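**Student:** structure, please.
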Amino acid sequence: MQLAVFGLYMGASFAPNHKGMPILPHDSKVDFLRRQVLTSRNITGRWFVNGFMGGLNYQVEHHLYPNMPRPNLKRAQAIAKEYCETHGIDYTETTLFRSYGIVVRYLNKVGLSAGADPFDCPAATAFGR
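**Tutor:** Residues are numbered from 1 along each chain as shown. Here you go, the predicted model:
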């Protein structure tokens, strides 16, 4: 029971940050900053979201500064957002519930587009994997 609850919690914490975000081809010529910012999203909210997600609601900054202590990610967000805005880099953030909606729509799209073989992965096929 403990593993089931923990697994559900971990999925509920990790999925909103990445599912439904662009998947870059493995041979794409994208710099580190753009790769981290374009493939992650931050989750907005107050203290509850920060506590529920353990600070990983600042996913973009977590990827840019993986060794930074989580309490400092909020301060780093202001710098990262300003830099992205100045350089025309899409910086994605949304609420927790909107993110779950994005995740469900994405999983439905991928699942329903499999066609006859439910084990075909359209994303992997699109990128030659």
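
**Student:** which parts of the protein are strands?
**Tutor:** 42-44, 93-95 (DSSP state E).

**Student:** averaged pLDDT, the first one. What do you get?
**Tutor:** Which is strand 42-44. Mean pLDDT, computed over strand 42-44, is 95.

**Student:** can you give me the helices for the chain?
**Tutor:** For the chain, applying DSSP state H gives helices covering 2-18, 32-38, 47-52, 59-64, 73-86, 96-112, 122-126.

**Student:** out of the strands of the chain, deepest packed?
**Tutor:** Mean neighbours per residue, mean count of other CB atoms under 10 Å, is largest over the strands of the chain for strand 42-44, with a mean of 20. No exception for glycine: its C-beta is placed from N, CA and C like everyone else's.

**Student:** ok, residues contacting it?
**Tutor:** Applying CB atoms under 8 Å, 6 or more residues apart in numbering, the contact partners of strand 42-44 are 16-17, 49, 53, 57-61, 77, 91-96, 99.

**Student:** can you do 6 Å?
**Tutor:** 16, 49, 57, 58, 59, 60, 93, 95, 96, 99 (CB atoms under 6 Å, 6 or more residues apart in numbering).

**Student:** again with stretch 21-37
**Tutor:** 38, 39, 60, 63, 64, 84, 89, 91, 123, 127.

**Student:** distance check, the second one against residue 79.
**Tutor:** Right, residue 39. When distance is defined by CB to CB, to the nearest Å, residue 39 is 19 Å away from residue 79.

**Student:** more crowded one of the two?
**Tutor:** residue 39 (18 against 12; other CB atoms under 10 Å).

**Student:** leaving out sequence neighbours, find the closest residue to the more buried one.
**Tutor:** Nearest residue to residue 39, sequence neighbours excluded (CB to CB, 6 or more residues apart in numbering): residue 21, at 5.1 Å.

**Student:** quick one on the thing from earlier: what's the lowest-pLDDT member of the contacts of stretch 21-37?
**Tutor:** Checking pLDDT across those, the minimum falls on residue 123 at 69.
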